[in-house]
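Visitor: predicted model and sequence below, questions to follow.
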Amino acid sequence: MSCLAWNCRGLGNLRTGRELVELVRAKDLSVVFLAETLTDEARLEFIQNSINFDHHWVVPKVGRSGGLVLYWRSTINLTIEGSEKNFIDAVIDKGLESEWRLTGFYGEPETARRFEAWDKLRRLNSNPEKPWLCCGNFNEIVRQDEKLGGAT
């Protein structure tokens, strides 16, 4: 099984949609997490059909920002455990010996509010009894030389 986590910075652009379709085909992806979709449910369903996925879970955008979506194929036994504006939390193969957890995460872009998203992530990790993949855009930098453009 292959997964993709991508901060697409908007799915309204046709080029972005085409690039996603190409990635899904080239890598034979089974699960796709997208952050900053910046679009509505109709466009997300159009993308789902374009990439030939069977299921999706959406955290809607707020105003002109945010938005998360998790797409998966019917061959994947995936159960959504919860979601909020910063994450979608799922379990794959729930109840089986091969069970593991997948969390698509989008860190708070507003510096003063980042602690809120990190607190949510800590709560999600409070019961680490199964393998866990947490992926996405954490909106954090470790060293200043990682930063390109704009104020921190």
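Guide: Thanks, I have it.
Visitor: CA atoms for contacts and neighbours, from now on please.
Guide: OK.
Visitor: just how off-centre is the lowest-mean-pLDDT helix or strand in the chain within its chain?
Guide: Here the helix or strand of the chain ranked lowest by mean pLDDT, DSSP states H and E is helix 114-124, holding a mean of 92. Here helix 114-124 is found 16 Å from its chain centre; the criterion is Cα atoms, centre = their mean, to the nearest Å.
Visitor: after it, which helix or strand is next?
Guide: strand 132-137 (DSSP states H and E).
Visitor: what does the least confident helix or strand of the chain contact?
Guide: Residues from elsewhere that reach helix 114-124, judged by Cα atoms under 8 Å, 6 or more residues apart in numbering: N86, G107, E108.
Visitor: was I right about the second one contacting C134?
Guide: When you say that, I think you mean G107. No - if you go by Cα atoms under 8 Å, G107 and C134 don't touch, sitting 11.8 Å apart.
Visitor: just the buried residues of the lengthiest helix in the chain, please?
Guide: For the chain, the helix with the greatest residue count under DSSP state H is helix 14-27. By 16 or more other Cα atoms under 10 Å, the buried positions in helix 14-27 come out as G17, L20, V21, V24.
Visitor: quick one: distance of that helix to the chain centre.
Guide: Centre-to-centre, helix 14-27 and its host chain are 16 Å apart (Cα atoms, centre = their mean).
Visitor: by contact count, what packs against whichever helix or strand comes after it?
Guide: The helix or strand immediately downstream of helix 14-27 is strand 31-35, counting by DSSP H and E. Secondary-structure packing of strand 31-35 (3 or more Cα pairs under 8 Å, 6 or more residues apart in numbering; DSSP states H and E): strand 3-7, strand 68-72, strand 100-106, strand 132-137.
Visitor: wasn't F46 part of a helix?
Guide: Yes - assessed with DSSP: H, G, I helix; E, B strand; the rest coil, F46 lies in a helix.
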